[in-house]
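>>> here are the coordinates; sequence isn't available:
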């Protein structure tokens, strides 16, 4: 039997009626059906999901295997079961309530074969829900997690070279009930020999369920801290200290941890607030660095600084300010080349927060009237202009009115 090019792994739990369009999108793929196998794992559904999968297997033009198991409580188990049975050169994880775009598999496999990369990201669009956007600026045949925005899409719906996953034993962590795909995908990015991005063709539709049961919306706040801890530890294990690690740490700090100390924090009981701070403290102690802080917006940096310092009262006051959607006044210094954003407690001696926490990034500062961009590049430009003045001969006027070098 010829090895399939791609195995589509579908973990399905109570997926009706969304499963109908999901499987239709698989059946409509333009890639030769002989190059595809589908492994669908019914995770203990009771709504007809299993029956519909078996009907699909009977009529589908490609090889379809349907497995049934007792409910595992999360997406990791079914995905691992499907991955363990996969025979394809590549594996694609398709959620049962989402759907593939036209030509998705054909384009992604062709990209991986042409570029020799281990992971391929196909453009994602949201249907009744948001989808990541910052990584789709242009198609990239070969990039990596340090020189692109792919770290901001860590969902599992990507094409992975199966040999990469098997060689490193990359599997979904079944102890996590949220963020398990972020851990899996980040490890694949870091171990991959190149990543490709297809930005000019929608390969995946992320569908928002009307019943609100999408897995990423479930789980309490403790699970979010578990997810942040796991991702931070993975990054620290695989990337040496320095700017590259700091850059990747921005992802778990801003996407996973920071929302726990956003507007919802004001609605939490005092007990929950203190519990969240206690859960965050070991993460801040180990992974919060100046390099990470410098990459954040002032308001984000200030929030996390107060979390690191366990300043509950000041954090609450800051969030009340943010909730009113007030603009923090800009304070210019160094002849307009430095901007501080005066959020609450700026230069308040009692609070004792360093000015550096309020220092605007160049992107934030450029929106402030009167700001003059400084930094190393500006210094070099000024030095170059001075050198040209010194090296260029001055001109003087001769008695006949012509110019001559001095």
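Arrived safely. Since the model is a prediction, treat every value here as computed from it, not as a measurement.
>>> so the residue most central in space within the chain versus residue 263, what's the distance?
For the chain, the residue sitting closest to the mean C-alpha position, by C-alpha atoms, centre = their mean, is residue 152 at 1.7 Å. When C-beta to C-beta, to the nearest Å is the yardstick, residue 152 and residue 263 sit 21 Å from each other. In short, each C-beta sits where N, CA and C put it, glycine included.
>>> kindly report the same for residue 77.
Computed with C-beta to C-beta, the distance linking residue 77 and residue 263 is 34 Å.
>>> which of those two has more neighbours?
residue 77 (20 against 11; other C-beta atoms under 10 Å).
>>> is that one located within a strand, as I assumed?
No - counting by DSSP: H, G, I helix; E, B strand; the rest coil, residue 77 is located in no strand; its state is helix.
>>> quick one: it from residue 173, how far?
When distances are taken as C-beta to C-beta, residue 77 and residue 173 turn out to be 11 Å apart.
>>> cool, and residue 74?
If you measure residue 74 against residue 173 using C-beta to C-beta, the figure is 10 Å.
>>> now for those two: what residues contact both?
Taking C-beta atoms under 8 Å, 6 or more residues apart in numbering as the contact definition, residue 74 and residue 173 share the neighbouring residues residue 180.
>>> now stretch 204-213: average pLDDT?
Averaging pLDDT along stretch 204-213 yields 82.
>>> could you list the buried residues of that stretch?
Using 16 or more other C-beta atoms under 10 Å as the burial criterion, the residues of stretch 204-213 that qualify are 204-207, 209.
>>> looking at the residues you listed, spot the one nearest residue 8.
Within the buried residues of stretch 204-213, proximity to residue 8 (C-beta to C-beta) peaks at residue 204, which comes in at 11.9 Å.
>>> spatially, what comes nearest to that closest one if we skip its sequence neighbours?
Nearest in space to residue 204, with sequence neighbours left out and distances taken as C-beta to C-beta, 6 or more residues apart in numbering, is residue 124 at 4.7 Å.
>>> check the secondary structure at that neighbour for me.
In terms of secondary structure, residue 124 is strand; the call rests on three-state DSSP.
>>> ok, now how distant is it from residue 197?
Relative to residue 197, residue 124 is positioned 11 Å away (C-beta to C-beta).
>>> anything in contact with each of the two?
Each of residue 136 lies in contact with both residue 124 and residue 197 under the rule C-beta under 8 Å, 6+ apart.
>>> of those two, who's got more company?
Legend: neighbour count by other C-beta under 10 Å for residue 124 and residue 197, higher for residue 197 (25 against 21).
>>> next, give phi and psi for the more buried one.
For residue 197, the backbone dihedrals are phi -130, psi 120 (criterion: degrees, to the nearest 10).
>>> please report how far it lies from residue 95.
Residue 197 is 20 Å from residue 95, by C-beta to C-beta.
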